[in-house]
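> What follows is a predicted protein model with its sequence.
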Amino acid sequence: MRIATWNVNSVRARLPRFLPWLREAAPDVVCLQETKCRDSEFPREEIEDLGYAVEAYGQKTYNGVAILSRLPIEDVVRGLPGDGDDDERRVIGATVSGCMILCLYVVNGRAVGTERYEHKLEWLDRVRDLVQESYPMEERVILCGDFNITFDDRDVWDPERWRERILCSTPERAALARLTDCGLSDALRKFTDETGIYTWWDYRTRGFGRNQGLRIDHFLMSPPALEACVGVEVDLAARGGEKPSDHAPVIATLQD
DNA sequence: ATGGTCGCGGAGCGA
């Protein structure tokens, strides 16, 4: 099974890039973040025409997640436990081919020390609680998405510039560690310990051309999923060209 | 340059 995660920064604005990519890359499962539209406005037919079932959980203007699958999909869950209808839509989960998948768009947090930053840390602990409660590490469990956190300085193009800033601060990394402490591993690090592998580049600084990026989109896997995982790749071509998202897709391949 | 550029929605906010 090949599974992709991609923060598309509006699924409707990205459609001229997304549909050709989906046709070419053709992953079995695609987890999307920042779809930025209501479920009724999701470009469902165009994606179904390529052979994918569409499960969306979106809202107007902000946030929004979705799971697309060309394999049978079951047990779809929307939101975190306790979320109401007016809460930000950042989580969708499903089971595909025996893999329990959780697609996350983690709170950005704006800047260290702000109210949104504190909310980010609390929100991550709610995800941790959900994983502890409902995702047995004996199963194939895959958390993926835009975590808006770097694991360490290997994930940062200029660690000194980013020191203790948003996406890189110690409390954020500690909150991410509390999640992985449930028994999950950063799947990319099964294959390489190199620096310079990034998934997001700021539009404003035009950082992509100079590879001034951060690795904030991740696959976290339980031991059985990690064992089956034979590769994690960042699709840099999808970040180039006309009207790209500010994130690149990341694709994981699992055997069996 | 505590800047810039996107997307949404039609001004200013979030990222």
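Looks like it came in fine. Residues are numbered from 1 along each chain as shown, chains lettered A, B, ... in the order given.
> Assign a three-state SS to A:E74, would you?
Of the three states, A:E74 takes strand under DSSP: H, G, I helix; E, B strand; the rest coil.
> Beta-bridge partners for the closest residue to it other than its chain neighbours, please?
Distances taken as Cβ to Cβ, 6 or more residues apart in numbering place A:T95 nearest to A:E74, at 5.2 Å, with adjacent residues excluded. Glycine gets a C-beta too; all of them are placed from N, C-alpha and C. Partner residues in beta bridges with A:T95: A:E74, A:M100, with DSSP bridges as the criterion.
> give the contact list for A:T95.
Taking Cβ atoms under 8 Å, 6 or more residues apart in numbering as the contact definition, A:T95 lies against A:73-75, A:101.
> Please report the distance of it from DNA strand B.
Computed with Cβ to the nearest atom of the strand, to the nearest Å, the distance linking A:T95 and DNA strand B is 28 Å.
> Tell me how far whatever helix or strand A:L121 lives in lies from the chain's centre.
Secondary structure from DSSP states H and E places A:L121 in helix A:115-134. Relative to the centre of its chain, helix A:115-134 is centred 15 Å away, using Cα atoms, centre = their mean, to the nearest Å.
> Just confirm yes or no for it near DNA strand B.
Yes. Using Cβ under 7 Å from any atom of the strand, helix A:115-134 comes into contact with DNA strand B via A:R116.
> any idea of the angle the helix or strand that that helix is followed by forms with helix A:115-134?
Proceeding N to C from helix A:115-134, the next assigned helix or strand is strand A:140-146, under DSSP H and E. Between the direction of strand A:140-146 and that of helix A:115-134, the angle (axes from the mean of the first three to the mean of the last three Cα atoms, to 10 degrees) works out to 170 degrees.
> Which SSE is immediately downstream of strand A:140-146?
Towards the C-terminus, the helix or strand next in line after strand A:140-146, according to DSSP H and E, is helix A:159-162.
> contacting residues around that next one?
The set of residues external to helix A:159-162 that reach it, using Cβ under 8 Å, 6+ apart, is A:150, A:153, A:156, A:168, A:214.
> Farthest-apart pair in those, please.
Of all pairs drawn from those, the one with the longest distance (Cβ to Cβ) is A:D153 and A:L214, at 10.6 Å.
> could you measure the closest residue to A:G241 other than its chain neighbours against DNA strand B, distance?
Of all residues beyond its chain neighbours, the one nearest A:G241 is A:R17 (7.3 Å), with distances taken as Cβ to Cβ, 6+ apart. A:R17 is 9 Å from DNA strand B, where distance means Cβ to the nearest atom of the strand.
> mind listing what A:R17 touches?
The contact partners of A:R17, taken as Cβ under 8 Å, 6+ apart, are A:238, A:241-245.
> do the same with A:E41
Taking Cβ under 8 Å, 6+ apart as the definition of contact, the neighbours of A:E41 are A:12, A:58.
> That one and DNA strand B, how far apart?
Taking Cβ to the nearest atom of the strand as the measure, A:E41 and DNA strand B are separated by 9 Å.
> Same check on A:T61?
Here the distance between A:T61 and DNA strand B works out to 4 Å (Cβ to the nearest atom of the strand).
> wait, that residue sits on A:K36?
Yes. Contact between A:T61 and A:K36 holds when scored by Cβ atoms under 8 Å: they sit 6.2 Å apart.
> neighbour count winner among the two?
A:K36 (20 against 10; other Cβ atoms under 10 Å).
> tally of neighbours for the residue of the stretch 1-150 of chain A found nearest DNA strand B?
Residue nearest to DNA strand B within the stretch 1-150 of chain A: A:S10 (3.2 Å; Cβ to the nearest atom of the strand). Taking other Cβ under 10 Å as the criterion, the count of residues near A:S10 is 15.
> and what of A:E242?
What A:E242 shows, counting by other Cβ under 10 Å, is a neighbour count of 6.
> residue contacts, it?
Contacts for A:E242 were tallied using Cβ under 8 Å, 6+ apart; they are A:R17.
> With A:W200 as the reference, measure out to it.
As defined by Cβ to Cβ, to the nearest Å, A:E242 lies at a distance of 19 Å from A:W200.
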